[in-house]
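*Asks:* Sequence first, predicted coordinates after that:
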Amino acid sequence: MPALPTKHYATELQRQLRSLLGHEQIVTQGYGCHLLIKRLDDEEPIVVARLTELGRNRYSAAFRSHNGRWEPLPGTGSLEEMAEVVVTLLQPYLQPDNY
C-alpha cells in the first residue's frame with residue numbers, strides 16, 4: 001500500500017476517533033497494511049488497537065492484550081464503521097490516564 005493513502009487513512013481515523021471519544025489523547029500511525037491506534041499518556045504513546053486493511057475501504061480490528069498479542073475484534077467494515085466498533089468495545093482503554 002502506498003505511503004500517501006496510508007497517511008491519509010491514518011489521519012482520517014484519528015479525526016474520527018477523537019470525535020467519537022471527545023478528547024485529543026489519541027494518535028494513529030500507518031504501519032504497512034495496518035493503522036495503529038495509540039493512547040497518549042504522560043510517558044510514551046501506548047498501542048491499544050489496530051485496523052488491518054482487507055481490501056478497498058474494508059478493515060478488521062484487533063486489540064493489543066496485556067501480553068502483547070493481537071486479539072481480533074468482531075466484524076469487518078469501512079474505516080468509519082470500524083472506528084465506531086473500536087470505540088464501543090475499547091472505550092475504557094482509549095481514555096487517557098488523567099481523564
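*Replies:* Happy to help now that I have it.

*Asks:* worst-scoring helix or strand of the chain, pLDDT-wise?
*Replies:* Here the helix or strand of the chain ranked lowest by mean pLDDT, DSSP states H and E is helix 3-21, holding a mean of 91.

*Asks:* Quick one: list the elements packing against that helix.
*Replies:* strand 26-31, strand 34-39, helix 79-94 (3 or more CB pairs under 8 Å, 6 or more residues apart in numbering; DSSP states H and E). All C-beta atoms are positioned from the backbone trio N, CA, C, and that covers glycine.

*Asks:* For the first one, which residues meet the burial criterion?
*Replies:* Judged by neighbour count using 16 or more other CB atoms under 10 Å, the buried positions of strand 26-31 are 26, 28, 29, 30.

*Asks:* what's the spacing between the third one and residue 35?
*Replies:* Same thing as residue 29. Using CB to CB, to the nearest Å, residue 29 is found at 7 Å from residue 35.

*Asks:* what touches both of these two?
*Replies:* residue 10 (CB atoms under 8 Å, 6 or more residues apart in numbering).
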